[in-house]
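1. no FASTA, just this:
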């Protein structure tokens with residue numbers, strides 16, 4: 001029966017017009033032992049396939065399905081802040097158009113491969129093969145594309161992958177999911193800039209999107225100080241992302257705008273530039289009552305989880321549709337918009353002044369009361385003694 005279910009799932013994912021899978025999802029429950037638990041990652045470039053396995057102590061993800069991402073490490077569940085008591089539910093999600101691999105463990109989303117811009121080919125159409133026999137510890141209650149497979153405990157699930165043309169897959173995404181799934185041009189676009197010896201600065205603009213005015217494109221100005229900070233490196237990459245749900249669900253009190261920009265200089269760590277990188281974000285109108293903040297995510301500090309921070313960035317609001325970010329480092333960048341409005345007639349500066357004024361007023365009032373009280377006592381004493 002289990003084999004029949006698997007066959008029907010595979011059959012249902014193959015359409016008559018030979019369309020490819022735009023994403024892939026595998027879920028299960030890890031039945032483990034009482035030992036300390038760890039996540040074992042071994043991900044490399046290629047398009048052979050991926051394996052998800054588990055035993056008493058390790059949940060392992062091994063494979064070659066990415067175009068750019070490489071990751072090899074062992075991470076303890078304690079380090080991730082995850083409990084290791086009862087059986088653990090998890091899901092693995094793959095988006096080939098973004099080269100993005102994400103593991104959800106409980107309520108925590110872990111980015112194994114962050115979004116990237118592709119050009120030639122991507123790896124898709126994962127089909128399960130050579131699954132292991134039943135075991136005491138392993139993975140049970142498995143699902144593929146949210147379709148139930150089996151409640152038996154198995155040590156490993158293996159999936160074979162196939163390479164497909166990136167442009168063709170992107171066109172398929174536009175046909176099936178509309179412009180938000182794969183914008184025009186693709187929602188992850190990379191621009192490389194060569195910094196020669198006489199580099200004086202350079203501006204990079206996001207590609208034009210059909211139906212949007214040119215003025216709404218994102219512009220990045222790379223200062224001359226960037227070349228001075230990395231004298232032995234000549235190339236800097238600007239990647240423009242749009243409508244990436246993973247990057248837009250990563251904050252509790254504010255919501256990122258639809259656009260994200262990543263700026264990288266090969267493997268260099270760039271911080272404390274004397275002249276900041278300038279990013280002009282053009283976005284949907286944001287009322288003055290909602291605070292906007294330029295933020296960045298440094299994957300070198302926290303590569304597994306999106307963590308937006310305003311450290312090293314200055315925010316300039318140029319109007320309801322325009323926000324300028326001045327940042328002294330390289331990272332992912334976006335603009336956070338507070339979910340709760342503040343009073344339009346009380347901007348932050350006015351609110352601070354008002355608080356100071358109230359404090360001064362209260363102190364003055366207390367001083368006046370004490371002064372009048374003392375004066376009354378003195379008057380009473382003088383007139384009392386005169387009778």
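-> Noted; the coordinates are in hand. As the structure is a prediction and not an experimental result, all values here were calculated from the model. Numbers count the residues shown, from 1 in each chain.
2. where's the spatially most central residue of the chain, which helix or strand?
-> If you average the C-alpha coordinates of the chain and look for the closest C-alpha using C-alpha atoms, centre = their mean, you land on residue 247, 3.0 Å from that point. When elements are defined using DSSP states H and E, residue 247 is found to belong to helix 245-248.
3. Beyond that helix, next helix or strand please.
-> Taking DSSP H and E, what comes next after helix 245-248 is strand 254-256.
4. What is that following strand packed up against?
-> Applying 3 or more C-beta pairs under 8 Å, 6 or more residues apart in numbering; DSSP states H and E, one finds that strand 254-256 contacts helix 245-248, strand 332-338. Every residue, glycine included, has its C-beta placed from N, CA and C.
5. I'd like to know which elements the first one is packed against.
-> Just to be clear, that refers to helix 245-248. When contacts are defined as 3+ C-beta pairs under 8 Å, 6+ apart, helix 245-248 sits against strand 254-256.
6. pLDDT on the strand it packs on, on average?
-> The predicted model assigns strand 254-256 a mean pLDDT of 91.
7. and if you look at stretch 115-134?
-> In this model, stretch 115-134 carries a mean pLDDT of 85.
8. count of neighbours near the nearest residue to residue 277 once chain neighbours are set aside?
-> In space, not counting the residues next to it along the chain, residue 277 is nearest to residue 327; the distance is 5.2 Å by C-beta to C-beta, 6 or more residues apart in numbering. Residue neighbour count, defined by other C-beta atoms under 10 Å, stands at 22 for residue 327.
9. Run through the bridge partners of residue 327.
-> Following DSSP bridges, residue 327 is listed with bridge partners residue 277, residue 313.
10. who's in contact with it?
-> In this structure, residue 327 makes contact with 276-277, 279, 294, 296, 312-314, 333, judged by C-beta atoms under 8 Å, 6 or more residues apart in numbering.
11. Pull out the buried residues from those.
-> Neighbour counting by 16 or more other C-beta atoms under 10 Å classes 276-277, 279, 294, 296, 312-313, 333 among those as buried.
12. Residue 335 contacts residue 295, correct?
-> Yes. Distance between residue 335 and residue 295: 7.3 Å, which falls inside the contact criterion (C-beta atoms under 8 Å).
13. joint contacts of these two?
-> Residues touching both residue 335 and residue 295 (C-beta under 8 Å, 6+ apart): residue 256.
14. Please report the distance of residue 271 from residue 295.
-> Computed with C-beta to C-beta, to the nearest Å, the distance linking residue 271 and residue 295 is 16 Å.
15. The two - which one has more neighbours?
-> Taking neighbours as other C-beta under 10 Å, residue 271 and residue 295 compare with residue 295 leading, 24 against 12.
16. Look at that one and give its secondary structure.
-> For residue 295, the assignment made with DSSP: H, G, I helix; E, B strand; the rest coil gives strand.
17. Grab the nearest non-local neighbour of it.
-> Setting aside the residues directly before and after it, residue 295 is nearest to residue 308 in space (C-beta to C-beta, 6+ apart), at 4.0 Å.
18. ok, how many other residues are close to that neighbour?
-> Residue crowding around residue 308 was assessed by other C-beta under 10 Å; the count is 20.
19. pLDDT below threshold where in the chain?
-> Scanning the chain for pLDDT under 70 picks out the ranges 1-18, 177-186, 209-215, 249-251, 343-387.
20. What residues sit buried inside stretch 223-237?
-> Buried positions in stretch 223-237, judged by neighbour count with 16+ other C-beta under 10 Å: 223, 225-227, 229-230, 236-237.
21. Now render those residues as a markdown table, adding secondary structure.
-> Shown next, in a markdown table, are these (three-state DSSP):
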| residue | secondary structure |
| --- | --- |
| 223 | coil |
| 225 | helix |
| 226 | helix |
| 227 | helix |
| 229 | helix |
| 230 | coil |
| 236 | strand |
| 237 | strand |
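22. And those, which is closest to residue 68?
-> In terms of C-beta to C-beta, no member of those lies closer to residue 68 than residue 237, at 11.2 Å.
23. Wait, residue 108 touches residue 102, no?
-> No. Between residue 108 and residue 102 there is no contact, the gap being 10.7 Å when judged by C-beta under 8 Å.
24. between the two, who's got more neighbours?
-> Here residue 108 and residue 102 are compared on neighbour count by other C-beta under 10 Å; more neighbours surround residue 102, at 20 against 13.
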